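In: pasted the sequence and its predicted model underneath.
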Amino acid sequence: MEFQPIVERVGRVVDAAGVAIIIAGMLLAAVLAAVRLSRRQAGVYRDFRRRVGRSILLGLEFLVAGDIIRTVAVAPTYESVGVLALIVVIRTFLSFSLELEITGRWPWQKPMGGAKD
């Protein structure tokens, strides 16, 4: 087997892992929210959003890695590198936006009160 098809397959597996992480995270968040709702606990919606956001962030990291792997495996052209750069910029913006939504601060800001996340 040649190198390029192997790397292409690895990229697709990493993409599939990213999608699986997002789906599993959302399902887990929904189940945990349902349990907490049935117990009438406070802050269910906020925790649900936080869990979903974290699963999306982790899944996006895997999807970006899959795109990078596949782009590097193929003989990179200016067009493929440009498309990859655009994908990375969009997904980075989404990651920053989700981080702001989840934690209330940008990724480069220090945590409030000096506590670590």
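Out: Alright, I've got the coordinates. As the structure is a computational prediction, the values presented were derived from the model and not from experiment. Numbers count the residues shown, from 1 in each chain.
In: in the chain, where is pLDDT below threshold?
Out: Across the chain, the ranges flagged by pLDDT under 70 are 1, 75, 112-117.
In: where is the longest helix in it?
Out: When the chain is parsed with DSSP state H, its longest helix is helix 3-38.
In: which of the residues in the following helix or strand past that one are classified as buried?
Out: Per DSSP states H and E, the first helix or strand lying C-terminal to helix 3-38 is helix 44-73. Neighbour counts over helix 44-73 (16 or more other CB atoms under 10 Å) mark 44, 48, 51-60, 62-67, 69-71, 73 as buried. C-beta here means a position set from N, CA and C on the backbone, and glycine is covered the same way.
In: stretch 70-87 now?
Out: Neighbour counts over stretch 70-87 (16+ other CB under 10 Å) mark Arg70, Thr71, Ala73, Leu84 as buried.
In: before we move on, what SS does Lys110 have?
Out: Recorded secondary structure, Lys110: coil (DSSP: H, G, I helix; E, B strand; the rest coil).
In: how many other residues sit next to it?
Out: When counting by other CB atoms under 10 Å, one arrives at 9 neighbours for Lys110.
In: got the phi and psi for it?
Out: phi -70, psi 150 (degrees, to the nearest 10).
In: what of Arg39?
Out: phi -90, psi 0.
In: next: Arg105.
Out: Backbone torsions of Arg105, given as degrees, to the nearest 10, read phi -150, psi 160.
In: for the remainder of this discussion, apply numbering that starts at 31.
Out: All right, first residue 31 from here; so that's Arg135.
In: touching, it and Pro141? I think so.
Out: Yes - taking contacts as CB atoms under 8 Å, Arg135 lies within contact range of Pro141: 7.2 Å.
In: how about the longest helix of the chain: buried residues?
Out: Gly41, Val44, Asp45, Ala47, Gly48, Ile51, Ile52, Gly55, Met56, Ala59, Ala63, Arg66.
In: great, nothing more from me.
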